[in-house]
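Enquirer: Structure of the sequence below:
(one chain, ligands or ions: 2)
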Amino acid sequence: MQTELLTPTGEHIAQAAALIRDGQLVAFPTETVYGLGANALDADAVRAIFAAKGRPADNPLIMHICDPAQLDGLVTVPGRARALMDAFWPGPLTILMPRTDRVPDVVTAGLSTVAVRFPSHPVARALLVESRVPVAAPSANRSGRPSPTTAAHVLEDMDGRIPMILDGGPCEVGLESTVLDLSGDVPCILRPGGVTKGMLEELLGPVEVAPSVLKPLAEGEVARSPGMRYRHYAPKGSITLVSGAEEDVLRAMRRLWQDASRGGQRACVLCFREHTDALRDCRPHDLGSMRDPSETAERLFDTLRRLDAEGMDVIYSEVLPAEGIGLAVMNRLGRAASFRTVRAADVLSDNSGSV
Ligand code: TXA
Ligand code: MG
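Expert: Ligands and ions are numbered 1, 2, ... in the order given. From the prediction side, this is the model:
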């Protein structure tokens, strides 16, 4: 199949909407990451998404809408969701809602809830309006790869597998939406994203964060969000996070990089812009300014993709506080590293030089 990469003109958006109505797949920009969309009410079209991504069938999809009225007959909107929808839609917040059987099982992997999101990106909105159907869309990467934040990333993963990619330029947020579960007494963030815990708490009172957000699932533990089960965002090389006081972290990263390089491995560091000069001998990759975690969010997936393109075997990365958008960054970076962390002070006190 030939994959067309098109600018999102009115005419191209109309073509994309026609493809969606015809049961085909279209990749499109959202404010978070690029999505791979199909008519959510057409089970065969949705199955094609799983095939194109190589996605396990038990990992449910998000249903995208452009008007809450589209939900009539498809879901029961939880009471607490109304205020959230008013405050944060359109935007990077996905809410789980009990669904009716008009939502095909393949969308929800058979779960009784469906994840719903109203994106704010103008191209996504125009496509949804013209399609006139809810659009099921996961991130438009091959399963296991970092989510795409540019059309070029989508093409890397999907060339020849889908008929069309709408190129809306780089995504503003750069990490996927916040996924919120309202079924318990206390609302629970299953996946942190652009709408932060603090923003939700202003409206809802206390909000929990699922334990799997910042640590691996324990043996036998059941993930409330199936996506958390899978190795994700992982480059081929192995990432280790280095935590501690700023000066210690820089010295420890240099030592770790030297040890790996002497051992014949292709190594690099991920560090804040303020530190690229101090680490200039260690193949620094710029995570953005340490004073602007939203910049780190925006750049992270592109950086992870570069590591593969450059054939890195070993990567050492700085960390940032898991607060605000930093929680979403540390969730993605942590999972890319399989949550492997070393303390800089331990590295520096280890005279053998190896960890
Ligand atoms: O920003 C986003 O959310 C992007 C754009 C394209 O909208 N989409 C996205 O979709 O990230 P995806 O499929 O890559 O991630 C959806 C996440 C997965 O972790 C999935 O397990 C979880 O949402 N999810 C979907 N439906 C669910 C449900 N009914 N219950 C629990 N988790 C659910
Ligand atoms: Mg995804």
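Enquirer: all helices of this protein, in order?
Expert: 10-21, 43-53, 81-88, 105-108, 122-131, 151-158, 197-204, 246-262, 293-309, 325-336, 344-349 (DSSP state H).
Enquirer: Contact partners for the residue nearest the centre of the chain?
Expert: What sits nearest the mean C-alpha location of the chain, by Cα atoms, centre = their mean, is residue 176, with 3.6 Å. By Cβ atoms under 8 Å, 6 or more residues apart in numbering, the contact set of residue 176 is 32, 33, 92, 139, 147, 191, 193. Glycine gets a C-beta too; all of them are placed from N, C-alpha and C.
Enquirer: let's see it at 10 Å
Expert: 30, 32-33, 35, 62, 92, 94, 117, 138-139, 147, 191-194, 227, 233, 301, 328, 331-332 (Cβ atoms under 10 Å, 6 or more residues apart in numbering).
Enquirer: Could you do residue 109 as well?
Expert: Neighbouring residues of residue 109 by Cβ under 10 Å, 6+ apart: 50, 56, 57, 58, 59, 60, 61, 226.
Enquirer: Between those, which sits nearest residue 167?
Expert: Residue 167 has its nearest neighbour among the contacts of residue 109 in residue 61, at 22.4 Å by Cβ to Cβ.
Enquirer: State the pLDDT value of that closest one.
Expert: pLDDT for residue 61: 98.
Enquirer: So what's the residue count around it?
Expert: Residue 61 has 25 neighbours, counted by other Cβ atoms under 10 Å.
Enquirer: ok, and the closest non-adjacent residue to it?
Expert: Nearest residue to residue 61 in three dimensions, chain neighbours excluded: residue 136, at 4.4 Å (Cβ to Cβ, 6 or more residues apart in numbering).
Enquirer: Repeat that for residue 167.
Expert: Once flanking residues are discounted, residue 167 sits nearest to residue 151: 3.7 Å by Cβ to Cβ, 6+ apart.
Enquirer: before we move on, what about residue 133?
Expert: Leaving aside its chain neighbours, residue 133 sits nearest to residue 39 (4.7 Å; criterion: Cβ to Cβ, 6+ apart).
Enquirer: tell me the domain ranges of the protein?
Expert: Listed domain ranges for the chain are 4-213, 238-348 (source: automatic domain parsing).
Enquirer: For residue 80, see how far away the residue nearest to residue 167 is.
Expert: Separation of residue 151 from residue 80 (Cβ to Cβ, to the nearest Å) stands at 36 Å.
Enquirer: neighbour count winner among the two?
Expert: residue 151 (24 against 14).
Enquirer: contacting residues for the more buried one?
Expert: Applying Cβ under 10 Å, 6+ apart to residue 151 gives the contacts 5-8, 27-29, 34, 140, 165-171.
Enquirer: try it again with 7 Å
Expert: Applying Cβ atoms under 7 Å, 6 or more residues apart in numbering to residue 151 gives the contacts 5, 34, 165, 167.
Enquirer: and of those residues, the nearest to residue 279?
Expert: Top of the list for closeness to residue 279, among the contacts of residue 151 and by Cβ to Cβ, is residue 34 at 31.0 Å.
Enquirer: from memory the closest one sits against residue 145, does it?
Expert: No - with contacts counted by Cβ atoms under 7 Å, residue 34 stays clear of residue 145, the gap being 11.9 Å.
Enquirer: If we ignore the residues flanking it in sequence, what's nearest residue 256?
Expert: In space, residue 256 comes closest to residue 316 once its chain neighbours are excluded; the distance is 5.0 Å by Cβ to Cβ, 6+ apart.
Enquirer: any idea how far the one you found is from residue 291?
Expert: Separation of residue 316 from residue 291 (Cβ to Cβ): 21 Å.
Enquirer: Likewise for residue 102?
Expert: Applying Cβ to Cβ, the value for residue 102 to residue 291 is 48 Å.
Enquirer: who's in contact with residue 198?
Expert: Neighbour list for residue 198: residue 324 [criterion: Cβ under 7 Å, 6+ apart].
Enquirer: Which pLDDT value does the model give it?
Expert: With respect to pLDDT, residue 198 scores 98.
Enquirer: ok, now residue 328?
Expert: 98.
Enquirer: With adjacent residues omitted, what lies nearest to whichever residue of the stretch 1-150 of the chain sits closest to ligand 2?
Expert: Using Cβ to the ion, the closest approach of the stretch 1-150 of the chain to ligand 2 is made by residue 139 at 3.4 Å. Among residues not flanking residue 139 along the chain, residue 147 sits closest, at 3.8 Å (Cβ to Cβ, 6+ apart).
Enquirer: Next: residue 15.
Expert: Residue 15 sits nearest to residue 164 (Cβ to Cβ, 6+ apart), 7.2 Å away.
Enquirer: List the beta-bridge partners for that neighbour.
Expert: Residue 164 forms beta bridges with residue 4, residue 26, as assigned by DSSP bridges.
Enquirer: wait, isn't it in contact with residue 5?
Expert: No - assessed by Cβ under 7 Å, residue 164 is found out of contact with residue 5, at 8.1 Å.
Enquirer: So for the two, which residue has more residues nearby?
Expert: residue 164 (20 against 14).
Enquirer: What separation do you get for that one and ligand 2?
Expert: Going from residue 164 to ligand 2 by Cβ to the ion, to the nearest Å gives 19 Å.
Enquirer: residues contacting that residue?
Expert: When contacts are counted by Cβ under 7 Å, 6+ apart, residue 164 touches 4, 6, 16, 19, 26.
Enquirer: Need the max-distance pair from the residues you listed.
Expert: 6 and 19 (11.1 Å).
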